[in-house]
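A.B. asks: build the 3D model from these lines:
(chains A and B)
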Amino acid sequence: MTDLNKSSLKEIVNLIKSKKISSLEVTKHFIKNIEKGKNLNSFITTCFEKSMNSAKEFDSKKNFDGLLSGIPIAVKDLFCTKNIKTTAGSKILENFVPTYESTVTDNLWSEGAFLLGKLNCDEFAMGSSNETSYFGNTINPVGKNLVPGGSSGGSASALAASLTPATIGTDTGGSIRQPASFTGTVGLKPTYGLCSRWGIVAFASSLDQAGPMTQNVEDCALMLEAMSGYDKKDSTSINKKKENYLKNLNQKIDGLKIGIPKEYRVENMPKEINDLWKKGIDILNKSGAKIIDISLPHTKYALPTYYIVAPAEASSNLARYDGVKFGYRSSKGNNLVEMYESTRGEGFGDEVKRRVLIGTYVLSSGYYDAYYIKAQKVRRLIKNDFDQCFKNVDAILTPSTPSSAFKIGEKTNDPISMYLNDVFTVPANLAGIPAISIPAGQDSEGHPLGIQLISKALDEQKILNIAFAMEKSIGHKQSLNRWWE
Amino acid sequence: MSIDKNQVKKVAKLSRILLEDSKLETLSKDLASILNFVEQLNKLDTNKTKPLSSVVDKTLEPRNDKVDDGKIKSQILKNSPNKNEDFFIVPKVIE
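C.D. replies: Just a heads-up that it's a prediction; the model follows:
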């Protein structure tokens, strides 16, 4: 019997399609893992009965046409799932049961997958450690005192612990790539507009993008293929033909030009991160790629730009939580405005409040030009930097994060030190371009470190191919001793 | 940039968030440190730069000017914390 804990998504799909295993057996396996993995707190909601029924239904009427035939999948609790509670990690949505399904999850179900449960995340995806969730922090399977990263921390934790064969997250400033890096897994943020935002709880609409989180690059190509595609219900969805990322995946990167941006050598960067970066450069060099030094001069302004643009958009998006149409309502307050204030005061956590306040401040009369318009102008400069560079290079290689996973509680009292985690990931969101993080090594304590590849818009296939080639040369295969069981 | 407790109260009022007085001190410090951090942007000359609000260069397609209530009233009302058959119920607004 195959050890499903060691099988990739693609392998499980093939086992099901070759009738070596039933969908129900696969589903039961992951349910058992989830039950044994409760200590990780990576799930907010499970729907085992529904998953078992879907599996039985699949087995009784096998249909192997889908990319994900018979596969149970857990998703970040930011995707609306019809008739299944969707909380966004917030008290204010604690009892919200959507009457509709997000396009991205719907796409997965159309390919034959079904829902296993909803994964913990930072409240409204605002956080880099999963510690802002109303439902408690998630543990990194790499080490019991470590955060899994965030905001898709529950997704990364569940994936690394084999509680789901693959998963999806959302990435507004690094929320897929940073947790992937912290847990030794693969995470891709697609081009803005490649995956529909419809039915995803909104954080910062000009930056939010859903993407796959998987054990390896092949699975990543498979999931991206399944979840992406034009959607007329999302006004910023890109109308283009669907790509066959998995079929077109190859390791031929000979002659590709890879840019190394000097501005990513940030102050106080640990030697381990720098060494990892060098190792990545060596691997690409040996694979026949051409390494080119490049400059992205406005890199250091990306994070301050992000911390104006994202809270500004968040404060507008979160205006909908008024205790009237859906979500939590406070019983306090003598009139409508007081009811709003109490509802939001009680319903939002500290980090969400901070960001809504900052957003409201930078959008308020007298400050709008100085902060918000200024940030949008710098956003253009950052995008121009990338546009210039991609005239000369095919992809850019950088570290994914400035450190490995940090300890639970280590950064909760200092918002800025928490925000600095996103220093390498935020620029791709501001420019709307794709970026992937793959595991590339470990630090001295054995904690995983990721490396990031960035390309121009809609060049996902190229970074997938480079990542595929690098993955093979790195030969990293994470093996955790399942201490949490 | 410093931001005092009264300014925090004012922004909280604009944001419709009730804050406990005990949290004002820490919050004003947090907000000041975030604002200090983002003010690095002032070092850049952006007089000739146009703001970028979206990376998707696309104008919204007009839709037909036709009333469509979606026929989903019950679904829309379903998650409301206080409603009757046709309406959301809110605290009294007009005296």
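A.B. asks: all contacts plus neighbour counts: C-alpha atoms, from now on.
C.D. replies: Fine.
A.B. asks: where does the chain dip in pLDDT?
C.D. replies: Looking at chain A here, since you left the chain open. Across chain A, the ranges flagged by pLDDT under 70 are A:1.
A.B. asks: wrong one, chain B
C.D. replies: For chain B, the stretches flagged by pLDDT under 70 are B:1, B:95.
A.B. asks: show me where it has strands.
C.D. replies: Secondary structure of chain B, counting by DSSP state E: no strands present.
A.B. asks: is the longest helix along chain B positioned near chain A?
C.D. replies: Of all the segments of type helix in chain B, defined by DSSP state H, the longest one is helix B:21-38. Yes. Taking Cα under 8 Å from any Cα of the partner chain as the criterion, helix B:21-38 and chain A are in contact, through B:27, B:30, B:31, B:33, B:34, B:37, B:38.
A.B. asks: right, and the second one touches residue A:415 too?
C.D. replies: When you say that, I think you mean residue B:30. Yes. With contacts counted by Cα atoms under 8 Å, residue B:30 reaches residue A:415, the gap being 7.1 Å.
A.B. asks: just want to know which of the two has more residues nearby.
C.D. replies: Remark: of residue B:30 and residue A:415, residue B:30 carries more neighbours, 19 against 16, as counted by other Cα atoms under 10 Å in any protein chain shown.
A.B. asks: quick one: residues contacting that one.
C.D. replies: When contacts are counted by Cα atoms under 8 Å, 6 or more residues apart in numbering or on different chains, residue B:30 touches A:354, A:414, A:415.
A.B. asks: go ahead and confirm the first one touches residue B:28.
C.D. replies: No. Taking contacts as Cα under 8 Å, residue A:354 lies outside contact range of residue B:28: 9.6 Å.
A.B. asks: how far away is the most centrally placed residue in chain A from residue B:13?
C.D. replies: In chain A, the residue lying closest to the centroid (Cα atoms, centre = their mean) is residue A:176, at 2.1 Å. With distances taken as Cα to Cα, to the nearest Å, residue A:176 is found 34 Å from residue B:13.
A.B. asks: rewinding a little: now the longest helix of chain B: buried residues?
C.D. replies: By neighbour count, and taking 16 or more other Cα atoms under 10 Å in any protein chain shown as the criterion, the buried residues in helix B:21-38 are B:24, B:27, B:28, B:29, B:30, B:31, B:32, B:33, B:34, B:35, B:37, B:38.
A.B. asks: same question for stretch B:3-21.
C.D. replies: The neighbour-count criterion (16+ other Cα under 10 Å) identifies B:5, B:8, B:9, B:11, B:12, B:13, B:15, B:16, B:17, B:18, B:19 as the buried residues of stretch B:3-21.
A.B. asks: can you pull the contacts of the spatially most distant residue from the centre of chain A?
C.D. replies: The centre of chain A is farthest from one residue, residue A:334, which by Cα atoms, centre = their mean lies 41.2 Å away. By Cα under 8 Å, 6+ apart, the contact set of residue A:334 is residue B:91.
A.B. asks: what secondary structure does it sit in?
C.D. replies: Classification of residue A:334 using DSSP: H, G, I helix; E, B strand; the rest coil returns coil.
A.B. asks: quick check on it: phi, psi?
C.D. replies: phi -90, psi -10 (degrees, to the nearest 10).
A.B. asks: from chain A, how far off is the residue nearest to the spatial centre of chain B?
C.D. replies: The centre of chain B sits closest to residue B:15, judged by Cα atoms, centre = their mean, with a distance of 6.8 Å. In this structure, residue B:15 and chain A are 6 Å apart, going by Cα to the nearest Cα, to the nearest Å.
A.B. asks: which residues does that residue contact?
C.D. replies: Shown in contact with residue B:15 (Cα under 8 Å, 6+ apart): A:315, A:319, A:356, A:357, A:360.
A.B. asks: filter those residues down to the ones close to chain B.
C.D. replies: Cross-checking those against chain B (Cα under 8 Å from any Cα) gives A:315, A:319, A:356, A:357, A:360 as the overlapping residues.
A.B. asks: helices - which of those residues land there?
C.D. replies: A:315, A:356, A:357, A:360.
A.B. asks: what about the last one, how many neighbours?
C.D. replies: It stands for residue A:360. Here the number of neighbours of residue A:360 (other Cα under 10 Å) works out to 24.
A.B. asks: pretty sure it is touching residue A:312, no?
C.D. replies: Yes. Distance between residue A:360 and residue A:312: 6.4 Å, which falls inside the contact criterion (Cα under 8 Å).
A.B. asks: residue of the stretch 151-300 of chain A closest to chain B, please.
C.D. replies: In the stretch 151-300 of chain A, no residue comes nearer to chain B than residue A:206, which is 5.8 Å away by Cα to the nearest Cα.
A.B. asks: could you look up the SS state of that residue?
C.D. replies: coil.
A.B. asks: ok so, going back, can I get the buried residues of helix B:21-38 in CSV with distance to residue A:149?
C.D. replies: Rendered in CSV, the data for the buried residues of helix B:21-38 read as follows (distance: Cα to Cα, whole Å):
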residue, distance to residue A:149
B:24, 28
B:27, 24
B:28, 26
B:29, 25
B:30, 21
B:31, 23
B:32, 25
B:33, 23
B:34, 21
B:35, 24
B:37, 22
B:38, 23
